[in-house]
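Q: show me the folded form of this:
(one chain, ligands or ions: 3)
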Amino acid sequence: MDTYSNSTTTSASRLATPKVRCFDPDTSPSPTADHRRCSSDNGHVHSSPTGLDRKIVEGPAGYVLEDVPHLCDYIPQLPIYPNPLQDNPSYSVVKQYFVNMDDTVAQKIVIQKDSPRGTHFRRAGPRQKVYFDADDVHACIVTCGGLCPGLNTVIREIVCGLHHMYGVSRVLGIEGGYRGFYARNTIMLTPKVVNDIHKRGGTILGTSRGGHITSKIVDSIEDRGIHQVYIIGGDGTQKGASVIFEEIKKRGLKVAVVGIPKTIDNDILVIDKSFGFDTAVEEAQRAINASHVEAESHENGVGVVKLMGRYSGFIAMHATLASRDVDCCLIPESPFYLEGPGGLFEYIEKRLKENGHMVIVIAEGAGQELLKESIRTMDQADASGNKLLQDVGLWISQRIKEHFKTRRMTINLKYIDPTYMIRAVPSNASDNVYCTLLAHSAIHGAMAGYTGFTVGPVNGRHAYIPFYRITENQNKVVITDRMWARLLSSTNQPSFLDPKQSAEEPEHDEVHAAEPTGDIIE
Ligand SMILES: Nc1ncnc2c1ncn2[C@@H]1O[C@H](COP(=O)(O)OP(=O)(O)OP(=O)(O)O)[C@@H](O)[C@H]1O
Ligand SMILES: O=P(O)(O)OC[C@H]1O[C@](O)(CO)[C@@H](O)[C@@H]1O
Ligand SMILES: [Mg+2]
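A: Ligands and ions are numbered 1, 2, ... in the order given. Here you go, the predicted model:
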């Protein structure tokens with residue numbers, strides 16, 4: 001473990017015009033707290049298996065801060081400026097303008113008297129001093145990966161937040177995802193241009209998969225004189241953002257790299273939930289309702305609805321719990337089987353005999369092992385390297401039809417795949433507010449000189465989270481938690497689990513692993 005130092009290899013800031021010199025402990029009359037964090041005694045750099053540094057600060061009673069990088073970690077003597085927010089009339093009502101620089105957010109909030117204080121993250125919010133002169137700042141925004149409700153709201157709120165809170169007027173939109181840095185046009189984003197984009201689905205910037213050529217992206221950032229890069233995207237995008245940050249650090253550029261996590265599947269760890277998730281669950285209700293109406297209008301009606309979730313079944317689980325019309329929910333985390341006692345076919349037959357109709361919700365990543373056994377196909381991947389999944393909805397519909405044919409039982413099965421209808425809607429009211437907070441937290445962090453981080457709520461408080469924390473693993477439904485039990489008790493479906501197996505399941509250590517909303521954690 002090396003002692004953390006802020007003066008690693010660098011070339012000086014190439015971009016900003018100094019107005020106030022960096023804090024000097026001997027001469028500065030009013031040291032800013034944020035500058036003290038740059039001194040060499042408050043943390044340690046841990047080398048990760050990938051060779052990337054991690055800033056870990058340890059405190060009493062098992063307190064651990066997993067801190068995020070700061071520009072002054074690798075650029076010495078950076079100028080600082082007073083935060084213009086303090087002169088902003090809209091914010092004059094706020095009693096405490098700035099967050100305390102020592103504020104951190106606990107990852108685990110349910111603890112026992114003697115348990116260690118555990119992991120914390122730096123609290124998001126405006127700082128008293130900032131590391132960019134608003135007049136000089138040139139920011140850019142890019143959206144990558146699949147569509148998700150709320151993308152336009154985040155874009156809007158970054159542009160308007162930079163403009164209204166910090167007076168930053170130069171914001172560039174990079175078109176078409178990462179490849180847009182070097183292969184596409186850019187557009188100037190002003191509050192006027194983005195004024196009503198939150199009412200539209202999709203992303204006004206366009207998006208793509210693949211095309212992450214780090215050197216070309218960073219060349220483009222450097223050539224355009226960009227100081228703040230806001231990157232909106234899922235797990236792949238955040239990995240890409242981390243690589244961009246490392247390259248920027250290597251080149252010694254004064255550029256803050258900020259990730260805003262986007263994943264409709266809610267498969268990003270640590271944060272309470274991802275934007276667009278609520279909207280997706282709400283929109284999924286329409287498909288489930290339609291499926292239910294069809295099913296109950298026909299003799300032995302079976303509705304099958306496929307919902308998003310490649311590796312995590314959160315949308316399917318929450319849409320099922322919200323709807324109450326679903327008789328069976330199948331997700332990737334809970335293996336199931338079709339034939340024999342306790343299997344899916346037996347359960348369908350039972351439900352049809354009891355109720356005359358039934359609705360099955362299946363997440364796109366569920367049952368992939370069964371599919372592999374019955375359909376032999378080449379493994380294919382998309383441009384980002386994500387495995388392309390077979391259509392489990394079509395497959396299961398076919399298998400159910402075949403099964404009841406052999407049982408000489410007439411069923412009426414209707415299959416609905418609302419994926420792209422759900423992804424394309426604008427975000428709902430609560431996601432819109434959430435997107436605003438994400439954008440503001442991102443802006444405050446970048447202006448305060450933090451970099452190489454993702455922003456998001458942890459137990460209801462927005463925090464700055466190092467990239468590695470959210471890219472190392474995926475958030476999954478924990479089927480031994482109470483939420484899944486709640487689902488089983490609401491649908492009455494079989495658990496497909498050997499009771500012995502569930503008793504032996506190890507306890508998960510991620511507080512949020514099973515619950516996407518902070519307010520419903522037990
Ligand atoms: N390990 C990686 N290193 C660098 N760039 C990556 C990496 N993984 C993915 N990317 C880049 O990130 C972008 C988005 O990745 P991807 O298509 O996997 O979507 P995502 O961000 O995970 O969103 P979604 O939730 O829609 O899957 C792509 O341009 C891809 O090239
Ligand atoms: O068709 P596309 O754009 O590659 O995206 C499909 C994937 O994107 C997601 O909606 C996540 O963004 C997945 O649930 C789905 O598998
Ligand atoms: Mg992804």
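Q: distance between stretch 196-214 and the chain's centre?
A: Here stretch 196-214 is found 15 Å from its chain centre; the criterion is C-alpha atoms, centre = their mean, to the nearest Å.
Q: need the residues of the stretch 301-450 of the chain near ligand 1, please.
A: Contact residues (C-beta under 6 Å from any ligand atom) of the stretch 301-450 of the chain with ligand 1: 384, 386. C-beta here means a position set from N, CA and C on the backbone, and glycine is covered the same way.
Q: of all the residues in the stretch 301-450 of the chain, which one is nearest ligand 1?
A: At 3.1 Å from ligand 1, residue 384 is the closest residue in the stretch 301-450 of the chain, using C-beta to the nearest ligand atom.
Q: quick one, phi psi at that residue?
A: The phi/psi pair for residue 384 (degrees, to the nearest 10) reads phi -90, psi 0.
Q: what is the neighbour count of it?
A: Residue 384 has 22 neighbouring residues, counting by other C-beta atoms under 10 Å.
Q: tell me the SS of the nearest residue to residue 461 once chain neighbours are set aside?
A: In space, residue 461 comes closest to residue 105 once its chain neighbours are excluded; the distance is 4.5 Å by C-beta to C-beta, 6 or more residues apart in numbering. With DSSP: H, G, I helix; E, B strand; the rest coil as the basis, residue 105 sits in strand.
Q: who touches residue 105 in this structure?
A: By C-beta atoms under 8 Å, 6 or more residues apart in numbering, the contact set of residue 105 is 120, 121, 122, 123, 458, 459, 461, 462, 463.
Q: apply 10 Å and report the result again.
A: Shown in contact with residue 105 (C-beta atoms under 10 Å, 6 or more residues apart in numbering): 65, 119-124, 457-465.
Q: measure it to residue 367 for me?
A: Distance of residue 105 to residue 367, computed by C-beta to C-beta, to the nearest Å: 37 Å.
Q: repeat for residue 198
A: 36 Å.
Q: next: residue 483.
A: Counting by C-beta to C-beta - residue 483 and residue 367 are separated by 21 Å.
Q: which one of those two has more residues nearby?
A: residue 367 (26 against 19).
Q: coming back round to it: beta partners for the residue nearest to residue 461?
A: Beta bridges link residue 105 to residue 121, judged by DSSP bridges.
Q: list the contacts of the closest residue to residue 233 other than its chain neighbours.
A: Among residues not flanking residue 233 along the chain, residue 144 sits closest, at 3.8 Å (C-beta to C-beta, 6+ apart). For residue 144, the contacting residues are 174, 176-180, 203, 205-212, 231-234, 236-238, 240-241, 262, 384, by C-beta under 10 Å, 6+ apart.
Q: so how far is ligand 2 from residue 144?
A: Distance of residue 144 to ligand 2, given as C-beta to the nearest ligand atom, to the nearest Å: 11 Å.
Q: how about residue 163?
A: 29 Å.
Q: what of residue 421?
A: 12 Å.
Q: next up, the contacts around the closest residue to residue 439 other than its chain neighbours.
A: The shortest distance from residue 439 to any non-neighbouring residue, by C-beta to C-beta, 6+ apart, is to residue 157 (3.4 Å). Residue 157 sits next to 150, 164, 194, 198, 260, 432-433, 435-440, 442-443 when contact means C-beta under 10 Å, 6+ apart.
Q: what about residue 408, how many neighbours?
A: With neighbours defined by other C-beta under 10 Å, the count for residue 408 comes to 6.
Q: from residue 120, how far out is it?
A: For residue 408 relative to residue 120 (C-beta to C-beta), the value is 62 Å.
Q: so, low pLDDT: which residues of the stretch 151-300 of the chain?
A: Counting by pLDDT under 70, the stretch 151-300 of the chain contains no low-confidence residues.
Q: which residues of it fall in strands?
A: Ranges of strands in the stretch 151-300 of the chain, per DSSP state E, counting those that start in this stretch, are 170-174, 186-188, 228-233, 256-261.
Q: report all helices and strands that the shortest one contacts.
A: Secondary-structure packing of strand 186-188 (3 or more C-beta pairs under 10 Å, 6 or more residues apart in numbering; DSSP states H and E): strand 138-143, strand 170-174.
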